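1. Sequence isn't available, so here's the structure alone:
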């Protein structure tokens, strides 16, 4: 039969094929607790359901048990990099182990598509930033009550210290290397403005705490000569250390400096963020801030489960969420990369090292 003629296989079809009651088949397919169904019967039902191509009716299951077992994470319109993807992968794995599915979607400015929460009816909707009144009304009309952040529980990027605390570590590391004038290599992509603003504020606060001049911020992009202009301007104003928004921006700056005959790190030290493979493979290798993706992903999943079904959310030590990995771009004789600092939520840090 064609796709338009194909009939959905139901539990009744499975029961009819096996000569069993619909109740028995339903108990097996829904894994209903408290039933004494022989294991041989259970295996027969599952095998026949697979042979016939039975698929559970998600809407009916959601209505019956009051849960879709779906967590929806609404991301801002960022160009999601490797660290974010790794973070989501770890969170999705942990949620899968708990019987939940993590679904992500982008929050575009145009907003013409139907919101995904209206199609999925997730148990929880999570976001990086507050939802507007129209979005909240749409979710509540769908019966979604677990929304984070909610108006009564405001959350900002400052509440995600692993995403922002690393910028303070960059400034502190450059200061420890003797740099008194520090610049910041910002991405030109306007979609990153939300996180950029928060990271810049953290960097400027670190500069004030260390008694440094305000951070000299300049946009850089690999597709134009902005990095060359930034390097030239930084050199003219006495800037000797650069904290970059991410490793891509750091690589652009290092490349522009080398092409201009500026030695790295002798005349211009550069430190990136996220510790992507690029940082270690680039020549010279790039110092960077590493984020503990695994633990953060697991904690995110625990938080989602706490919101979904009330599971206890255990306190965790965030001191090791971010740390600096020293490489050639800030310390020419660094040799093997080594861990040097842990970030505290208040922006302070302690140093540690290993051979």
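-> Cool, got the structure. Note that this is a predicted model, so its numbers are computed, not measured.
2. which intervals of this protein have sub-threshold pLDDT?
-> Along the chain, the model assigns pLDDT under 70 to residues 1-6, 56-67, 78-81, 109-111, 152-163, 190-194, 318, 332-355.
3. Okay, helices next: where are they in it?
-> In order along the chain, the chain carries the following helices (DSSP state H): 11-18, 22-29, 39-52, 58-65, 82-97, 116-120, 133-141, 161-176, 193-209, 226-236, 247-259, 277-281, 293-309.
4. Kindly state which of those helices is positioned closest to residue 269.
-> Nearest to residue 269 among the helices of the chain is helix 161-176 (6.2 Å), distances taken as Cβ to Cβ. Bear in mind the C-beta positions are built from the backbone N, C-alpha and C, glycine included.
5. Just the buried residues of that closest one, please?
-> For helix 161-176, the buried set under the neighbour-count rule, 16 or more other Cβ atoms under 10 Å, comprises 161-175.
6. Also stretch 103-116?
-> By neighbour count on 16+ other Cβ under 10 Å, the buried set for stretch 103-116 is 103, 104, 105, 107, 115, 116.
7. which one of the residues you listed is nearest residue 235?
-> Within the buried residues of stretch 103-116, the smallest distance to residue 235 is 39.4 Å, found for residue 107 (Cβ to Cβ).
8. so how far is residue 175 from that closest one?
-> Shown here: residue 107 relative to residue 175, a distance of 36 Å by Cβ to Cβ, to the nearest Å.
9. Can you give me the domain assignment for this protein?
-> When the chain is parsed with automatic domain parsing, its domains come out as 11-56, 65-155, 159-292+315-351.
10. quick one: which of the ones you listed is nearest residue 303?
-> Comparing the domains of the chain by their distance to residue 303 (Cβ to Cβ), the top pick is domain 65-155, with 8.1 Å.
11. for the helices of the chain, which one ends up most surrounded?
-> Taking mean count of other Cβ atoms under 10 Å as the contact definition, the stretch among these with the greatest mean neighbour count is helix 161-176, which reaches a mean of 24.
12. Restricted to strands, list the buried residues of stretch 103-116.
-> 103, 104, 105, 107 (DSSP state E).
13. one step back: format the domains of the chain as JSON lines; extra columns: distance to residue 304.
-> What follows is these, written out as JSON lines (distance: least, Cβ to Cβ, whole Å):
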{"stretch": "domain 11-56", "distance to residue 304": "22"}
{"stretch": "domain 65-155", "distance to residue 304": "5"}
{"stretch": "domain 159-292+315-351", "distance to residue 304": "14"}
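14. between those domains, which gets nearest to residue 307?
-> With Cβ to Cβ, the closest approach to residue 307 among the domains of the chain belongs to domain 65-155: 4.6 Å.
15. residues touching residue 238, list them.
-> residue 181 (Cβ atoms under 8 Å, 6 or more residues apart in numbering).
16. gap between it and residue 182?
-> Using Cβ to Cβ, we find residue 238 at a distance of 10 Å from residue 182.
17. same check, this time on residue 207
-> Remark: distance between residue 207 and residue 182 (Cβ to Cβ) = 7 Å.
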